[in-house]
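In: Sharing a sequence plus its predicted fold:
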Amino acid sequence: MPIVSEVCGFLDQLAPKDLAEDWDNTGLLIGRADADVTRILTCLTLTPDVATEALKQGAQLIVSHHPVMFRGVKTISDQNSEGRLLLGLIQGDVAVYSAHTRFDSAQQGVNQQLAEGFGLCRIVPMRPSESLPETGSGRSGWLPSPRSLKEFLGVVRGVCNAEYIEYCGEEDATVDHVGVACGSAAEFLDDAIATGCDTFVTGEARFHSALEAQAAGVNLIVMGHYSSERPAMERLAHTLEASFAGVEVRASMNEQDPFRLSH
């Protein structure tokens, strides 16, 4: 059976360390590198519900997209929710690994998967990495043939499995050149405009980003943060299970989008 450091090494190759943003907290964040691994749980965000699930399943490693201890942690105690979560995992000998922005920007990472899922071709990073070819932040590409915004909205919703999506633009507008940036990445709208995209797809956007898109004549599609990134963590579970014989890997069943719709 593999040990934690071997799984981390595989993930480091999939999402190289050089792709992490300076402000990010990635890699092995909790746990012993030499611990044996027979069960792995993947998730978008390590919540108390996900931690409880991992402990009940006997997982030795959690691979989360969003990192724990994202901001500076000075104490780990039972006096706050994050401390209780971390203490429970440490006491249960559960390691935690996060690739976050490294996986967003990797050659086969979150944004590349979204772009391919939308059917784009001639895909390139919107902000290319200086150190690794075919990697970088965001993606842009072209549809094989132009579609209406109404048709493309159906494609996006299917790919991200979202209950609903938000958009700016007329349903009969043309979609041809598309920019993509998962998560909270509305700042990439400027990149999409600069590179001539007629449509920009992201996970989160502020009101003023919508106004900026309207002023620039760019269709804006907002998938939701969870919907833009969770499918990649489900696929990662399959990738890990196929790569490590004898290791049971599954995506968290307890994790849910925290937002709900009022009907």
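Out: Structure's in. What do you need?

In: Which stretches in the stretch 1-150 of the chain count as helices?
Out: Assigned helices in the stretch 1-150 of the chain, in chain order: 4-14, 48-57, 81-91, 101-105, 110-117, 149-160 (criterion: DSSP state H, counting those that start in this stretch).

In: Which one of these lies nearest to D24?
Out: Evaluated with CB to CB, the helices of the stretch 1-150 of the chain place helix 101-105 nearest to D24, the distance being 4.8 Å. (C-beta placed from N, C-alpha, C; glycine too.)

In: Reduced to three states, what does the residue nearest to the spatial centre of the chain come out as?
Out: Most central in the chain under CA atoms, centre = their mean is E229, positioned 3.4 Å from the mean C-alpha point. Following DSSP: H, G, I helix; E, B strand; the rest coil, the label given to E229 is helix.

In: ok, it touching T42?
Out: No: no contact is recorded between E229 and T42 when judged using CB atoms under 8 Å, the distance being 11.5 Å.

In: Not counting sequence-adjacent ones, nearest residue to D34?
Out: When the adjacent residues along the chain are set aside, D34 lies closest to I3, with 5.4 Å between them (CB to CB, 6 or more residues apart in numbering).

In: beta partners of that neighbour?
Out: Per DSSP bridges, residues listed as beta-bridge partners of I3: D36.

In: Against T195, how distant is it?
Out: As judged by CB to CB, to the nearest Å, I3 and T195 stand 43 Å apart.

In: More neighbours: those two, which one.
Out: A count of neighbours by other CB atoms under 10 Å puts I3 above the other of I3 and T195, at 17 against 13.

In: Tell me the pLDDT of the nearest residue to Y226 once chain neighbours are set aside.
Out: Spatially, and ignoring its direct neighbours in sequence, Y226 is nearest to D257 (3.9 Å; CB to CB, 6+ apart). On pLDDT, D257 comes in at 94.

In: what kind of secondary structure is D257 in?
Out: At D257, secondary structure determined by three-state DSSP is coil.

In: Ok, A232 next?
Out: On the three-state scheme (three-state DSSP), A232 is labelled helix.

In: tell me the angle the helix or strand bottoming out on mean pLDDT in the chain makes with helix 48-57.
Out: Every helix and strand in the chain was compared by mean pLDDT, DSSP states H and E; the lowest is helix 81-91, with a mean of 92. Direction vectors for helix 81-91 and helix 48-57, defined by axes from the mean of the first three to the mean of the last three CA atoms, to 10 degrees, enclose an angle of 10 degrees.

In: so what does helix 81-91 touch, helix or strand wise?
Out: Helix 81-91 is packed against strand 27-30, helix 48-57, with contacts defined by 3 or more CB pairs under 8 Å, 6 or more residues apart in numbering; DSSP states H and E.
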